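Asks: Kindly return the folded structure for what I paste below:
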Amino acid sequence: MKSKVIGRRSGAALIAGCCVAFGMATGKSAFAAESWQNTNVTVGYTTESKFDPVFGTGTADGKLTTVRLEHFGVHEYGDNYFFADTYYGKDVGDFNGFGAGSFGEQTKNQYFLVWNPRLSLSKITGADLSFGFIQDVYLAARLERGSYANFRANNFGVAFDLKVPGFSFFETDFYTRGARFTGDEGKTIRTLFWRTFAMLPFEVAGLKFTWSPLLLVNFNNKERDNTVFVQPDLWLKLNKHFDVGYRHEYATYSKTAGEGGGTYSRTTPTLLVRWNF
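Replies: As a prediction, the model looks like this:
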């Protein structure tokens, strides 16, 4: 019951934080109208979901289904990115009775939420901040909430849009990070956090593909050392609304003494289907 209450409080805190952040940023309203947006639902399936004490997506039989609702929109002050993942499988995140998460003994489901708003300094000030391969500079936040071990993290920093040949979009962000979860007894762990995401469209024999790699690096965690998470997706466009894809996820970090020490690493291949609204 206690973990459920914590999960509800985390969700309420996320919503409240979103509203306050937007209100402070615009000075007029909590949400700015978007001039362009894309919303989609992605379903992923793998049979190789291994136990992971940090990300909590492993299952008892390796089978994991992920459903993601994702949104990206551009408005007069910057842009707005959000996704909500729900994980389905046998004992998701459970390892010998440990790490079940906010749903208590019921571990057939877990969730992970991320909200990533950015405020464009060029749009706000009216100044041209482009320089070399830098197209724009942003003030950025990344708020994360997860049911696994009642995880939550708040990241605040700067982001850059880069002009890289061949890529339709290339973003890199640098944050100060405060994260806590049940395993750290509620203590906030402060680290430096780097995020990079890009999109590279290309054609082969008339077929339209997009390669979209994501890189997350959490630096200088005293317990975990540097945590590296790489998630490259390869997409094939079927038509206006549907894409199919393949993801080869990779994660590595140091184990804690309670986990036996040493280095932990995993790769998770996943098949994807995406519906664009």
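Asks: Spatially nearest residue to Ile271, not counting backbone neighbours?
Replies: Rather than Ile, residue 271 is Leu. Distance criterion CB to CB, 6 or more residues apart in numbering; nearest residue to Leu271, sequence neighbours excluded, is Tyr45 at 5.4 Å. Just so you know, the C-beta spots here come from the backbone N, C-alpha and C atoms, and that holds for glycine as well.
Asks: Run the chain-centre distance for the helix or strand hosting the one you found.
Replies: Per DSSP states H and E, Tyr45 falls inside strand 34-46. How far strand 34-46 lies from its chain's middle: 13 Å, per CA atoms, centre = their mean, to the nearest Å.
Asks: With stretch 156-169 instead?
Replies: 17 Å.
Asks: same check, this time on stretch 248-267
Replies: On CA atoms, centre = their mean, the centre of stretch 248-267 falls 19 Å from the chain's centre.
Asks: Please apply the same query to stretch 255-270.
Replies: The answer for stretch 255-270 is 20 Å, by CA atoms, centre = their mean.
Asks: What are the buried residues along it?
Replies: For stretch 255-270, the neighbour count (16 or more other CB atoms under 10 Å) marks 255, 264, 266, 268, 270 as buried.
Asks: Please report how far the fourth one lies from Thr39.
Replies: For Thr268, the distance to Thr39 (CB to CB, to the nearest Å) stands at 25 Å.
Asks: Just the residues contacting the strand ranked longest in the chain, thanks.
Replies: Secondary structure of the chain per DSSP state E: the longest strand is strand 189-204. Here strand 189-204 makes contact (CB atoms under 8 Å, 6 or more residues apart in numbering) with 142, 155, 157, 164, 166-180, 208-223.
Asks: mind listing what's buried in stretch 158-170?
Replies: Under 16+ other CB under 10 Å, the buried positions of stretch 158-170 are 159-162, 170.
Asks: need those residues in CSV with secondary structure, can you?
Replies: Formatted as CSV, those follow (DSSP: H, G, I helix; E, B strand; the rest coil):
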residue, secondary structure
Ala159, strand
Phe160, strand
Asp161, strand
Leu162, strand
Phe170, strand
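Asks: Tell me where the stretch 151-277 of the chain has strands.
Replies: 151-162, 169-180, 189-204, 207-212, 214-221, 225-230, 233-237, 242-254, 263-276 (DSSP state E, counting those that start in this stretch).
Asks: Using JSON lines, please lay out those strands together with mean pLDDT and distance to Asp94.
Replies: Formatted as JSON lines, the strands of the stretch 151-277 of the chain follow (pLDDT from 0 to 100; distance: least, CB to CB, whole Å):
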{"stretch": "strand 151-162", "mean pLDDT": "96", "distance to Asp94": "15"}
{"stretch": "strand 169-180", "mean pLDDT": "96", "distance to Asp94": "21"}
{"stretch": "strand 189-204", "mean pLDDT": "97", "distance to Asp94": "23"}
{"stretch": "strand 207-212", "mean pLDDT": "98", "distance to Asp94": "31"}
{"stretch": "strand 214-221", "mean pLDDT": "91", "distance to Asp94": "23"}
{"stretch": "strand 225-230", "mean pLDDT": "93", "distance to Asp94": "21"}
{"stretch": "strand 233-237", "mean pLDDT": "98", "distance to Asp94": "27"}
{"stretch": "strand 242-254", "mean pLDDT": "95", "distance to Asp94": "18"}
{"stretch": "strand 263-276", "mean pLDDT": "96", "distance to Asp94": "16"}
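Asks: I'd like these as a markdown table, with distance to Leu119 appended.
Replies: Output for those, formatted as a markdown table (distance: least, CB to CB, whole Å):
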| stretch | distance to Leu119 |
| --- | --- |
| strand 151-162 | 9 |
| strand 169-180 | 13 |
| strand 189-204 | 16 |
| strand 207-212 | 23 |
| strand 214-221 | 21 |
| strand 225-230 | 25 |
| strand 233-237 | 27 |
| strand 242-254 | 30 |
| strand 263-276 | 26 |
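Asks: Highest mean neighbour count out of these?
Replies: Of these, the one with the most neighbours on average (mean count of other CB atoms under 10 Å) is strand 151-162, at a mean of 20.
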